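Novice: sequence unavailable; structure follows:
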DNA sequence: CCTCGTAAGCGTGCGTCGTACGCTTACGAC
DNA sequence: GTCGTAAGCGTACGACGCACGCTTACGAGG
């Protein structure tokens, strides 16, 4: 009976993501997203209760793209690597969502499904009880940690370059490490770091 | 000759930290910090070029407290654990600085010194070149990851409680894991997770 | 075809933020 | 006692999120 809705959740999320990709986190506001949708600022509030919920839609859109199917007969380490790498890749394609992901992860349904998939693998190879809690949180912490370090201080970024020029007498190790770091790709860093965690879990 | 300065960097940082502890990150503004110091808002700008620099002072204040001395003859795993745990504790006493730490870590001198100490241990047990880069970043990512997960979604928090009530048919593992998680203390989570990473590094 | 209830769309405005600008004022060397 | 210097701050501007209530488009019932 009443006037039909003209916007969809995913349309709103896509607009916000477009703004995010184009102008970064600072450029994301109710006003810019509304403009991106060709709509008045306050119209957005017909679809979203507040800015936080809009941010939630964005991370949902990004995380929904990660494929959770996994080669059934592959070793656990391989299956976990695949799940972690897909999540990292999905987020990596829209780096500006990292800060939003960190704050909204816990109430995202896509994130929960990812967690369920990871826990499925862990359970499959005998993790239960507290051990499973610890293993899961270790994996999650490593993943989120790498995401945020690549976002705020990538090895290829200015921070590392600056450290490479630190005075040798004060920071010999940091300086030398920074110099090697510039030749490590993000993929290599993530993959080999993940191998470390998996090896620590007794897998691989 | 001119009028003497009445504020110090550490005084400003301490005031900001007090506001942060009392009112959280949302309560931190140039106005509230100035008021905490008993000074006009714009007076702060005589000591700090912008809000970002003020945030930098806070994290410097917090990180300066971490003791970087380490038992010389202890095994590497023990030395790294001590360094990681001290950093975690220093930050844990002022949880509201976590978001600031994530954004300002790379240009903090205290953080650099901590990194230098960690790299010293790694070097001491034979890590060099790319391997040292990977090992360091893995440790750093894990540490930052746990900090941010405990800040945004602690195991003892509402997020975990909500997951414990998830429908069994959709999220069997997540639900069961969340139930066990509520009985894991933050210290236990961090310590055992760190053990995993260290074991993955071939230490311990 | 017309009416009218409903909800979409949005204009205005408030209180907050960071901070640019320039005035006033306290200090201490001469 | 004078005066150069920099400390201290009052005002104001353009963003922000969002509360409120008006206007307007729709489509089902008569």
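Specialist: Received the coordinates, thanks. What you are looking at is a predicted structure, and each value in this text was computed from that prediction instead of being measured.

Novice: ok, and what's touching the helix or strand bottoming out on mean pLDDT in chain A?
Specialist: Across the helices and strands of chain A, the lowest-confidence element by mean pLDDT, DSSP states H and E is helix A:158-164, at a mean of 93. Helix A:158-164 is contacted by residues A:153-154, A:171, A:174-175, A:177-179, A:181-182, B:106-107, B:112 when judged by C-beta atoms under 8 Å, 6 or more residues apart in numbering or on different chains. Every C-beta, even on glycine, is put in place using the N, C-alpha and C of the backbone.

Novice: kindly recompute the last result at 10 Å.
Specialist: If you take C-beta atoms under 10 Å, 6 or more residues apart in numbering or on different chains as the criterion, helix A:158-164 is touched by A:149, A:152-155, A:171, A:174-182, A:184, B:105-107, B:112, B:115-116, B:133.

Novice: next secondary structure after it?
Specialist: Moving toward the C-terminus from helix A:158-164, the next helix or strand (DSSP states H and E) is helix A:172-181.

Novice: for the longest helix along chain A, which positions count as buried?
Specialist: Longest helix in chain A by number of residues (criterion: DSSP state H): helix A:129-152. For helix A:129-152, a neighbour-count test (16 or more other C-beta atoms under 10 Å in any protein chain shown) marks A:130, A:132-152 as buried.

Novice: for stretch A:94-113, same thing?
Specialist: Across stretch A:94-113, burial judged by 16+ other C-beta under 10 Å covers A:94-108, A:110-113.

Novice: gap between the two ends of stretch A:63-77?
Specialist: Criterion C-alpha to C-alpha, to the nearest Å; first-to-last residue distance in stretch A:63-77 is 22 Å.

Novice: now do that stretch, average pLDDT.
Specialist: Here stretch A:63-77 scores 96 as its mean pLDDT.

Novice: about what we covered before: does any part of the longest helix of chain A sit near chain B?
Specialist: Yes. Judged by C-beta under 10 Å from any C-beta of the partner chain, helix A:129-152 comes into contact with chain B through A:129-152.

Novice: also near DNA strand D: which of the residues you listed, exactly?
Specialist: The subset of the residues of helix A:129-152 next to chain B lying close to DNA strand D, counting by C-beta under 7 Å from any atom of the strand, is empty.

Novice: tell me how many other residues crowd residue A:31.
Specialist: The number of residues packed near residue A:31 is 12, by other C-beta atoms under 10 Å in any protein chain shown.

Novice: leaving out sequence neighbours, find the closest residue to it.
Specialist: Spatial nearest neighbour of residue A:31, excluding adjacent residues (C-beta to C-beta, 6 or more residues apart in numbering or on different chains): residue A:41 at 5.0 Å.

Novice: next one: residue A:144
Specialist: The shortest distance from residue A:144 to any non-neighbouring residue, by C-beta to C-beta, 6+ apart, is to residue B:145 (4.5 Å).

Novice: for that neighbour, report the pLDDT, please.
Specialist: Listed pLDDT for residue B:145 reads 98.

Novice: from what I see, it and residue A:148 are in contact.
Specialist: Yes. Assessed by C-beta atoms under 10 Å, residue B:145 is found in contact with residue A:148 at 7.5 Å.

Novice: who touches both of these two?
Specialist: residue A:102.

Novice: re earlier: if we look at chain B, which of the buried residues of stretch A:94-113 are close to it?
Specialist: Checking the buried residues of stretch A:94-113 against chain B by C-beta under 10 Å from any C-beta, the ones in range are A:98-99, A:102-107, A:112-113.

Novice: now, the most widely separated pair of the residues you listed?
Specialist: Taking C-beta to C-beta, the two most distant members of those are A:99 and A:113; they sit 21.9 Å apart.

Novice: pLDDT averaged over stretch A:9-20 - what is it?
Specialist: Mean predicted confidence for stretch A:9-20 is 98.

Novice: just stretch A:105-113 next, same as before
Specialist: The average pLDDT within stretch A:105-113 is 94.

Novice: so how far is that stretch off the chain centroid?
Specialist: Between the centre of stretch A:105-113 and the centre of its host chain there is 12 Å, according to C-alpha atoms, centre = their mean, to the nearest Å.

Novice: repeat for stretch A:173-186
Specialist: Taking C-alpha atoms, centre = their mean, one finds the center of stretch A:173-186 at 23 Å from the center of the full chain.

Novice: and stretch A:134-148, by the same measure?
Specialist: Using C-alpha atoms, centre = their mean, the offset of stretch A:134-148 from its chain centre is 11 Å.

Novice: what does stretch A:124-133 give?
Specialist: 24 Å.

Novice: now what about it, what contacts it?
Specialist: Contact with stretch A:124-133 is made by A:72, A:75-77, A:79-80, A:119, A:121-123, A:134-136, A:201-203, B:155, B:160, B:173, B:176-184, B:188-189, B:192-193, as judged by C-beta under 10 Å, 6+ apart.

Novice: now the buried members of those residues.
Specialist: Here, 16+ other C-beta under 10 Å leaves A:76-77, A:79-80, A:119, A:121-123, A:134-136, A:201, A:203, B:155, B:160, B:173, B:176-181, B:184, B:189, B:192-193 buried among the contacts of stretch A:124-133.

Novice: between the host helix or strand of residue A:123 and helix A:129-152, how big is the angle?
Specialist: For residue A:123, the host element (DSSP H and E) is helix A:109-124. On the basis of axes from the mean of the first three to the mean of the last three C-alpha atoms, to 10 degrees, helix A:109-124 is oriented at 130 degrees to helix A:129-152.

Novice: need the phi and psi values for residue A:28.
Specialist: phi -80, psi 120 (degrees, to the nearest 10).

Novice: residue B:191 versus that one, what's the distance?
Specialist: 38 Å (C-beta to C-beta, to the nearest Å).

Novice: which one's more surrounded, the two?
Specialist: The neighbour comparison of residue A:28 against residue B:191 (other C-beta under 10 Å) goes to residue A:28, with 23 against 15.

Novice: residues contacting the more buried one?
Specialist: Residue A:28 neighbours (C-beta under 10 Å, 6+ apart): A:16-17, A:19-20, A:22, A:36, A:51, A:54-55, A:58, A:96-97, A:100.
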